[in-house]
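Enquirer: with the input below, show me the fold.
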Amino acid sequence: MISSLDLIDGRGPGFPRPREANFFDTQTHTQNLAARNLEAEALAGSTRRQNLEAEALATIAPPVADAYNNIGAIYLNKGDLENALLHYQQALLIFTRVLGSDHPLVAHSYNNMANVYMSQGRHEEALVQHEKALEIRTRVFGSEHSDIAQSYANIGNLLDDMGKPEEALVQLKKALEVFVAVFGHEHLDVAAVYNSIGIVYRKKGDLENALLQHHRALEIRTRVFGSEHPDVAASHVNIGTVYKDQGKYEEALVEMKKGLDVLVAVHGPDHVKVATSSLNIGAVYGQKGDLENALLQFKKALEVFLAVYGQEHTSVAHSYNNMGNVYRSLGKAKEAREMFTKTYSIFLKVLGPDHPHTQQAKSQM
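Expert: Below you'll find the predicted structure:
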């Protein structure tokens with residue numbers, strides 16, 4: 001930058017400066033000092049303003065990010081996975097900008113995004129998000145913290161959905177160990193892991209161990225909640241599912257109807273958990289060969305799902321699919337094809353063409 005003296009002098013190198021240059025030198029030096037002081041004050045003012053803006057952002061932004069998370073959860077429950085993902089991504093962006101990359105709320109956002117990817121059948125991407133969450137939580141909390149255990153449980157449940165039961169059990173047992181260390185044996189998070197382990201054992205065909213885990217979960221949940229709670233109902237349904245796999249259909253129906261009774265008492269008859277329970281009971285009737293009662297349960301479930309979710313939801317698709325299987329067993333090919341076509345259309349729109357549910361539905365048409 002050219003100085004003021006050079007401009008006032010107006011002469012190039014080698015020319016002697018006139019005497020009045022001393023006066024101009026002093027004046028310009030004073031002006032420069034004043035300019036630098038003004039610049040420093042302006043810089044300090046800018047820094048203060050930036051600090052105030054940062055403080056304001058730190059105050060305002062987290063509630064905004066929480067709002068994005070909450071809206072994302074609503075979209076997820078509605079089955080609108082694209083909008084759910086969009087809102088979770090916005091929450092992650094805000095939390096990362098304001099709180100930095102190593103913060104529990106950032107880990108929570110990764111976890112939320114993983115849930116959407118999991119629902120979309122994008123299991124590898126979901127696993128990446130859960131592993132990012134686990135890395136952050138480990139750096140922040142160390143190895144023995146309930147959030148660490150939750151990450152292990154999330155990864156275990158995902159690996160189970162990916163058809164990797166042995167790897168799933170490794171992660172779930174890690175989760176169980178940490179939860180017990182943090183909370184003791186009589187805690188709901190411990191019960192939740194027993195429940196997940198029971199589901200894995202059932203898929204492996206180890207029905208005795210599955211039943212043992214689900215009974216452990218039921219005992220804890222009943223002691224904590226009493227008999228009328230949705231988690232207690234879920235344990236009854238899971239025990240009933242194992243009995244169904246063992247071919248003990250009457251025992252299965254007893255447990256599942258216990259679960260249904262609890263859910264109706266807690267939520268009323270028009271709740272999606274009641275509808276899901278009806279699907280499970282219908283499946284038992286179907287395996288018993290009682291196709292009329294199976295169809296009745298599936299229709300009850302469908303009615304509730306349509307009222308709550310509308311036409312375009314995976315639970316609606318599952319209901320159509322189950323009804324299609326019953327119609328096919330009854331020899332009603334036209335009705336079966338109609339149900340399978342509706343199933344495929346919903347899965348295609350909601351999950352995309354590459355999801356296993358979509359491909360299976362297409363093969364049934």
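
Enquirer: mean pLDDT per helix and strand in the protein: which one sits at the bottom?
Expert: Of all helical and strand segments in the chain, the minimum by mean pLDDT, DSSP states H and E falls on helix 4-9, at a mean of 31.

Enquirer: can you count the residues close to residue 283?
Expert: 20 (other C-beta atoms under 10 Å). C-beta: built from backbone N, CA, C; applies to glycine.

Enquirer: that one touches residue 244, doesn't it?
Expert: Yes - with contact defined as C-beta atoms under 8 Å, residue 283 counts as touching residue 244 (7.1 Å).

Enquirer: mind listing the shared neighbours of the two?
Expert: Shared contacts of residue 283 and residue 244, defined by C-beta atoms under 8 Å, 6 or more residues apart in numbering, are absent.

Enquirer: quick check: nearest residue in space to residue 358, chain neighbours excluded?
Expert: Using C-beta to C-beta, 6 or more residues apart in numbering and skipping the chain neighbours, the partner closest in space to residue 358 is residue 347 (4.1 Å).

Enquirer: quickly find the element holding the one you found.
Expert: Assigned by DSSP states H and E, residue 347 falls within helix 333-351.

Enquirer: tell me the helix or strand right after that helix.
Expert: Following helix 333-351 toward the C-terminus (DSSP H and E): helix 356-364.

Enquirer: which parts of the stretch 201-350 of the chain are helices?
Expert: 207-225, 230-245, 249-267, 272-288, 291-309, 314-329, 333-351 (DSSP state H, counting those that start in this stretch).

Enquirer: got the buried residues for the fifth one?
Expert: Along helix 291-309, the positions that meet the burial threshold by neighbour count (16 or more other C-beta atoms under 10 Å) are 291, 293-298, 300-302, 304-305, 308-309.

Enquirer: for the first one, same thing?
Expert: Applying a neighbour-count criterion of 16+ other C-beta under 10 Å, one finds 207, 209-218, 220-222 buried in helix 207-225.

Enquirer: tell me the angle of it relative to helix 230-245?
Expert: Using axes from the mean of the first three to the mean of the last three C-alpha atoms, to 10 degrees, the direction of helix 207-225 lies 160 degrees away from that of helix 230-245.

Enquirer: which neighbouring elements make contact with helix 207-225?
Expert: On a contact count with 3 or more C-beta pairs under 8 Å, 6 or more residues apart in numbering; DSSP states H and E, helix 207-225 meets helix 188-204, helix 230-245.

Enquirer: closest to residue 263 out of those helices?
Expert: helix 230-245 (4.8 Å; C-beta to C-beta).

Enquirer: show me which residues of the closest one are buried.
Expert: For helix 230-245, using 16+ other C-beta under 10 Å, the buried residues are 230-245.
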